[in-house]
Structure formats: C-alpha cells, structure tokens
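Asker: Here's a sequence, model it:
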Amino acid sequence: MSSGKEIVDLSGPAVSEREHFDLSGPLHLTAVDWTNPSHRRSVAASLVQSVYILERDRQEKRNGPHALAPPWWEFFHFKLYKHLIDEADSCIFGAIFQLTTPTTHNSPRFVIAFRGTITKGDAFTRDLELDVHIIRNGLHQTSRFETAIQAVRHIIATFGSSNVWLTGHSLGASMALQAGKSTAKTGIFLEAFLFNPPFLSAPIERIFKDTKVKHGLRFAGSVITAGLALAMKNKNRGSGVNTTFEALSEWLPCLFVNPSDHICSEYVGYFEHRKRMEEIGAGEIERLATKHSIGGLLLNVVGGVELEEPLHLIPSANLTVNLTPASDFKEAHGIHQWWRPDLHLESNSYKL
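Answerer: Below is the predicted model:
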C-alpha cells in the first residue's frame, strides 16, 4: 500500500491521506449500479482498502470515532460482519462484509476481502513470510489460509453460496484465488475480484517489447513444459493436477492487472499466448503446458518433489488490463487505481 501524502495531527502520528475515504475514496459512486462492471470493481477494491486500514487502525490503536476504516464500507451500505485474524501475529488480514440494503441478482450479500502486504507496523514480518509461501507454492498449507477458507466455508454453510464475493489485492489476491479454486473444485463458483494477483514467472511482458520475441520465448517455454509434463505422466499417474485443473474451467474469476506491474503483468501474456497457440494449431501443446510450471516440473524430475498445481495458473478468467500510464511501480501495483473513474481499460474473457 503506497503511503501518499501525510496529514500531521499534533495529537498523534502522521496519517496517510490515502487512508481517509473523504480524501481518496470513490466519492463519485453516490449510487451503486450493481450491473455496472466499473461500479462492482470499485466497490470490491474499496472493501479491500478497508481491510488495509482496519489493520492500520489496530496498529495505531485508532478506535471509535478515531478509526478510519468504517467509511470505506459504510459508504456502500455494508456492515462489518467479522474480522479475520492471523493466529500467528494477531494481525487483521481479512474481513467479511454484509450488505445492509436489499440484495438484488447482481449485488453481493457478503464480500470476503483480503489485504496484501503491509510494510508498516508489526504485520510486515508475517506478511513477508506469506509472500515466500506464495513463491514456494505453499500458501494453502499456512494457518492464515486455513483461517480464510474456514471463514469462506462458514458463510457458504450458513447463508448459501449465491451472491458471495471474494476479493483481494496482491498477497490478498492470492489468498482469494486459493479460496476460490478450493470451492470451485467442489462445484461452488464464487464471484471473485482479484487485483494485481502475483504471477510467478519471468516477467516477459515487461522485459521484452517485441511481440515476435515474446511469442518465441513463450512458444519454447510451452514446448519444454509440455514435454516435461508428458515425461512425468506415467511417473505421477496418481496425480490429480490434470483433473482438478479441468474442473476449474467453468469458474471465471475477474483479474485486474497493470502491464507496468511486474508482479502481475505476465497474466496478459499467459492468456494471449494461449489464444495465439490455438490460432496456429498448437492448442494441444498449450492445453497441456498451461496446467504446469517449468519450475514445478523440474523439482519433480530432479528432486522428487510431489507435483502440485501452481496457484497462479487458472484455466479461465475475465481479464481486465489497466492501460492508463502509471508514474511508477507503486502506482501500477497499488489498489487505489482500481476505483478511479477515468481509467483506460481493456477487458477480455478466456476459457480453456
């Protein structure tokens, strides 16, 4: 979360203006149209921002009228249903919000939101540990994710799965993605709004500008990945990677990425490459390659590490790319961009 300008209060510590809804929130959304994709995106992003500020309120001991988080959900007629607390460090990493106005077909009843890494206060060490778990494809084995998925299951078991949204930013997007994939494998497809979700691969989209070079590198990667996957097919006959990946094809999470953000930009190339491979008649190769990562396959071949489905790989998605120029990485990766009304967006749907 970028700091922005700070407001100095002589009675307490400096506060970023980005934490104040009246200064940085989407005040233009005085009436939410739940059929409008821009409104839905803006509300989901604002609720994620509220989780960031809930944790900052906790750290700074801002309670009651001094708390800055409530306006970020109250403006849209939500109430805080439950905090999600990490048992390892007692930080707030997520929250469940309940809409207080009558629910329509397109509006959520509940939104389960997860924040990303906070670089301030005592949450940073634990957040960084979770970031490492994402790199190692082990987020699903953490106590934080266990708390998250139990919260999701509670809402589904108590209120049903209709009109339940998942949303998150960066680390929180990975948390929401992991939860969404887990429920989708049971046949429950929750709406998901994933902002700047990490894609664990060399950022070809950022490094290379020439389209032919990018396609050539990705084509070579697909051939190598598919070859390794075929070589492992007999060795891992009991693996459920293929069947579980295909089971996710009906789930269409909404991904929001910025091409200037190397953490998530490769999703653009990932889906475009799949489309290109189909067009040149190499769809079978790509359908096999898209289920695996080269790193995971090599670990399986060399080190005997059990083959697991990479978190960041998904068969289907509604992908929205923010083509509005960003001044720096912090802006390109920040949550605040996603409720601006003047964005230059490009959206496409992809399905395996």
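Asker: Assumed residue 194 was part of a strand.
Answerer: Yes: under DSSP: H, G, I helix; E, B strand; the rest coil, residue 194 falls within a strand.
Asker: Next, count neighbours for it.
Answerer: 30 (other C-beta atoms under 10 Å). C-beta coordinates here come from the backbone N, C-alpha and C atoms, glycine included.
Asker: list the contacts for the nearest residue to it once chain neighbours are set aside?
Answerer: Leaving aside its sequence neighbours, residue 194 sits nearest to residue 173 (C-beta to C-beta, 6 or more residues apart in numbering; 4.1 Å). Residue 173 sits next to 114, 116, 194-198 when contact means C-beta atoms under 8 Å, 6 or more residues apart in numbering.
Asker: Tell me the one of the residues you listed nearest residue 318?
Answerer: residue 194 (10.1 Å; C-beta to C-beta).
Asker: hang on, the closest one packs against residue 253?
Answerer: Yes: counting by C-beta atoms under 8 Å, residue 194 does reach residue 253; the two are 5.7 Å apart.
Asker: Show me whatever sits in contact with both of the two.
Answerer: Looking at what touches both residue 194 and residue 253 (by C-beta under 8 Å, 6+ apart), the common residues are residue 177.
Asker: Tell me where the model's unsure across this protein.
Answerer: Applying pLDDT under 70 to the chain flags the ranges 1-14, 201-243, 277, 279, 282-308.
Asker: residues touching the closest residue to residue 191 other than its chain neighbours, list them.
Answerer: Closest residue to residue 191 apart from its sequence neighbours, by C-beta to C-beta, 6+ apart: residue 165 at 4.8 Å. Residue 165 sits next to 44, 108, 110-112, 190-193 when contact means C-beta under 8 Å, 6+ apart.
Asker: Extract the CA atoms of the helix or strand harbouring residue 165 and return them as CSV.
Answerer: Assigned by DSSP states H and E, residue 165 falls within strand 164-169. Taking Å, rounded to 0.1, in the frame of the first residue of the first chain, the C-alpha atoms of strand 164-169 are listed here in CSV:
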residue,chain,number,x,y,z
VAL,A,164,-21.0,-14.2,-2.1
TRP,A,165,-17.9,-12.4,-3.4
LEU,A,166,-14.2,-13.0,-2.9
THR,A,167,-11.8,-10.1,-3.4
GLY,A,168,-8.2,-9.3,-2.6
HIS,A,169,-5.1,-7.4,-3.6
